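Enquirer: build me a model:
(chains A and B)
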Amino acid sequence: MTESDDQPWRDPNAQPFLRIKGLSKHFGSVAAVDKVSLDIYRGELFCLLGGSGSGKSTLLRMLAGFESANAGSIEIDGQDMAGVPPYRRPVNMMFQSYALFPHMTVADNIAYGLRRDRLPRADIAKRVDHLLAMVQLADFAKRKPSQLSGGQRQRVALARALAKGPKLLLLDEPLGALDKKLREETQFELMNIQEETGVTFVVVTHDQEEAMTLATRIGVMRDGEIVQVATPREVYEYPNSRFVADFIGSVNLFEGVVSEDGESHMRLDCAGLGTSLYVGHGVSCTLGQRMWLALRPEKLRVSTEKPAQSHNVLQGVVEEIAYMGGSSMLRVRLPSGAQVQVTQANLDRDDAHPVSWDETVFLSWSDTAGVVLPS
Amino acid sequence: MNGRYFVPIAASLGFAFLYLPIVSLVIYSFNESRLVTVWSRFSTKWYAELFRDPQILQAAWISLKIAFISASLALVLGTLAALVLARFGRFAGRTLFNGMTTAPLVMPEVITGLSLLLLFVSMELTLGWPAGRGLTTIIIAHTTFCLAYVAVVVQSRLVGMDRSTEEAALDLGATPVRVFFDITLPNIAPALVSGWLLAFTLSLDDLVIASFVSGPGASTLPMVIFSKVRLGVSPDVNALATLMIAVVAAGVLASLWIMNRRAGASGSSVQ
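Expert: Sure thing, here's the model as predicted:
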């Protein structure tokens, strides 16, 4: 498999499967979705990630046909969706509340869409059996939704949405109603089913961990706009703004002014820290420009002795230590008053903390650990 | 006051206040004596008398017919009104429409009856329909005020319903009409049953409106009872009232049973 098979968005000749162009939706004077353009490719598991009110659900409902656009267009597999009602779209949706039909059995729920297509009875029964087996609910065919657990209902909803073999499956917070343990298991199940069926998934979620695990690509939404579209790794390691850096994971932000702008390095003067920070790669910027250095907590090293490196060393006092099992989180107060978050992996069981409260420590990081952000 | 006794005592007094008159009515319907207030011995002769009285039998038949037809008409129209109110969002004039739909609930019956009478009279003069007053006019009148009750009952059920199930059906390829019959209707069925039974009972009970819009040969059961009582309470009226209570109670119990069965099948979760 070549890279462009695996990552069709890198191939300039690839035809997007779902093409959203300049899509807007206004509720009164509020733009819930604001001029969104987005290309999604066949077989992708695309996550729309955003906080509440970011417009991600409205965008999903527009793809399903429940909301009409004020401007822009949606094209699925080359077919314009303008004016096509939900019941004629090659799209199925899994609802956040699952929306199972309470008066029908599990099997009837799954068969509902197939019956609307007037398929032969035997074909429907076969397809329902196949789907029940796929979501491991073969023994529950005759149950009513009220007799199922939350995880089982979620799987019925998924099977029902997949029953008609849609070209595009929309999932609205598919794991939102499950508890943490079940959610983690179900994540992988969902990925396996997506791989097995080859259906293109568009998932809406507010949970960044969920998006990171599931997605081939993530579209981060804010105030009705898409602010970054990239793979989970890129979104985490190369966020394009402070908002994205802060929304996905934790981050330490240092504000500064560009004082050196070399071909393969730059320097940021941070008045707040009383020092300058060194970045070991070139950044497109101008001298004197205000920029931010974003540093993930796990990319910082903590030591009690002054490290050998000449730059990117900060001194501070440990204020808080939180033991979280796999790792520990430290908050270090700098002389400037700023607080820096650091996570350390707990590599050894008996590892008494190398640092303790109120101890003076040095924080250091490599030249390329941080991301320089213009906004 | 001792809290342990207060609740049982209050409940007994309350229920006694509500049901003692009915209980005494039922007991005296089995009284052999011609005097309504003097107990002699047990007998079912007034029931037999009742079934020999052609006037009462005819009135009962008319009442049941009116109640059945107007409850059914009110069910259809009231459900449509409820759908519009619950489903069509905030259209212009929604508040007005809502108020106008539910106004008959609080409108004094005398006014409803009088206004309908005036309407029917002027309709007959200008359109020639309905010709005279009788069964048709009572059915129209009862449909009008029962509609409001049905609309309120059905609307509350529609509002409480999970709309995403309707969207899910649309999404799975069902046309809006199909969605109504497959998803919405089963979901609001208990409300439809209780709405219909409520309308049926209200129509069966109504005296005031029927008196206004009725005509010769179309006396409902309450009208007959009322005119009989004005000539002095006779024991067969007790028997008649007991039968009516039995019919109404059976209807209420049936609707409760249907709703509980529905709730058992689709409601509470079994984990």
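
Enquirer: the host helix or strand of B:Ser63 vs chain A: in contact?
Expert: According to DSSP states H and E, B:Ser63 maps onto helix B:54-87. No - with Cβ under 8 Å from any Cβ of the partner chain as the criterion, chain A is not reached by helix B:54-87; the gap is at least 13.8 Å. C-beta coordinates here come from the backbone N, C-alpha and C atoms, glycine included.

Enquirer: list the buried residues for that helix?
Expert: With burial defined by 16 or more other Cβ atoms under 10 Å in any protein chain shown, the residues of helix B:54-87 counted as buried are B:56, B:59-60, B:62-64, B:66-71, B:73-75, B:77-79, B:81-86.

Enquirer: same question for stretch A:116-130.
Expert: Buried, per 16+ other Cβ under 10 Å, within stretch A:116-130: A:Arg116, A:Leu119, A:Ile124, A:Arg127, A:Val128.

Enquirer: one more: stretch B:114-132?
Expert: For stretch B:114-132, by 16+ other Cβ under 10 Å, it's B:Leu116, B:Leu117, B:Phe120, B:Pro130.

Enquirer: and stretch B:93-106, by the same measure?
Expert: B:Thr101, B:Thr102, B:Pro104.

Enquirer: go through the buried residues of stretch A:116-130 and flag which are in strands.
Expert: Counting by DSSP state E, these place none of their members in strands.

Enquirer: which strands and helices sit next to the least confident helix or strand in chain B by mean pLDDT?
Expert: Counting by mean pLDDT, DSSP states H and E, chain B has its least confident helix or strand at helix B:235-266, which shows a mean of 75. Judged by 3 or more Cβ pairs under 8 Å, 6 or more residues apart in numbering or on different chains; DSSP states H and E, helix B:235-266 is in contact with helix B:3-28, helix B:45-52, helix B:185-205, helix B:221-230.

Enquirer: just the buried residues of stretch B:114-132: which has the poorest pLDDT?
Expert: pLDDT is lowest at B:Pro130 among those; the value there is 82.

Enquirer: which non-adjacent residue is nearest that residue?
Expert: Ranked by Cβ to Cβ, 6 or more residues apart in numbering or on different chains and with sequence neighbours excluded, the top spatial neighbour of B:Pro130 is B:Thr136, at 4.7 Å.

Enquirer: hang on, the one you found is in a helix, isn't it?
Expert: Yes - according to DSSP: H, G, I helix; E, B strand; the rest coil, B:Thr136 belongs to a helix.

Enquirer: tally up the residues packed near the nearest residue to A:Glu260 once chain neighbours are set aside, please.
Expert: Closest residue to A:Glu260 apart from its sequence neighbours, by Cβ to Cβ, 6+ apart: A:Arg267 at 3.7 Å. Counted with other Cβ atoms under 10 Å in any protein chain shown, the neighbours of A:Arg267 add up to 17.

Enquirer: do I have it right that A:Arg267 meets A:Gly280?
Expert: No - in this structure, A:Arg267 is not within contact of A:Gly280 by Cβ atoms under 8 Å, at 10.5 Å.

Enquirer: need the buried residues of stretch B:114-132 in TSV with secondary structure, can you?
Expert: Shown next, in TSV, are the buried residues of stretch B:114-132 (three-state DSSP):
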residue	secondary structure
B:Leu116	helix
B:Leu117	helix
B:Phe120	helix
B:Pro130	coil
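
Enquirer: and the residue nearest to B:Pro130, how many neighbours does it have?
Expert: 18.

Enquirer: circling back to that earlier point, the buried residues of stretch A:116-130 also near chain B: which ones?
Expert: Among the buried residues of stretch A:116-130, the ones lying near chain B by Cβ under 8 Å from any Cβ are A:Arg116.

Enquirer: nearest to chain B among the buried residues of stretch A:116-130?
Expert: Checking these against chain B by Cβ to the nearest Cβ gives A:Arg116 as the nearest, at 3.8 Å.

Enquirer: looking at the buried residues of stretch B:114-132, which is nearest A:Val91?
Expert: B:Leu116 (51.7 Å; Cβ to Cβ).

Enquirer: give the contact list for the closest one.
Expert: The contact partners of B:Leu116, by Cβ atoms under 8 Å, 6 or more residues apart in numbering or on different chains, come to B:Thr137, B:Ile140, B:Ala141, B:Thr144, B:Ile209, B:Phe212, B:Val213.

Enquirer: B:Val208 contacts B:Ile111, correct?
Expert: No - in this structure B:Val208 lies outside contact range of B:Ile111 using Cβ under 8 Å: 9.9 Å.

Enquirer: residues contacting the residue nearest to A:Gly262 when sequence neighbours are not counted?
Expert: In space, and not counting its chain neighbours, A:Gly262 is closest to A:Gly282: 6.7 Å by Cβ to Cβ, 6+ apart. Shown in contact with A:Gly282 (Cβ under 8 Å, 6+ apart): A:Gly262, A:Glu263, A:Ser264, A:His265, A:Met266.
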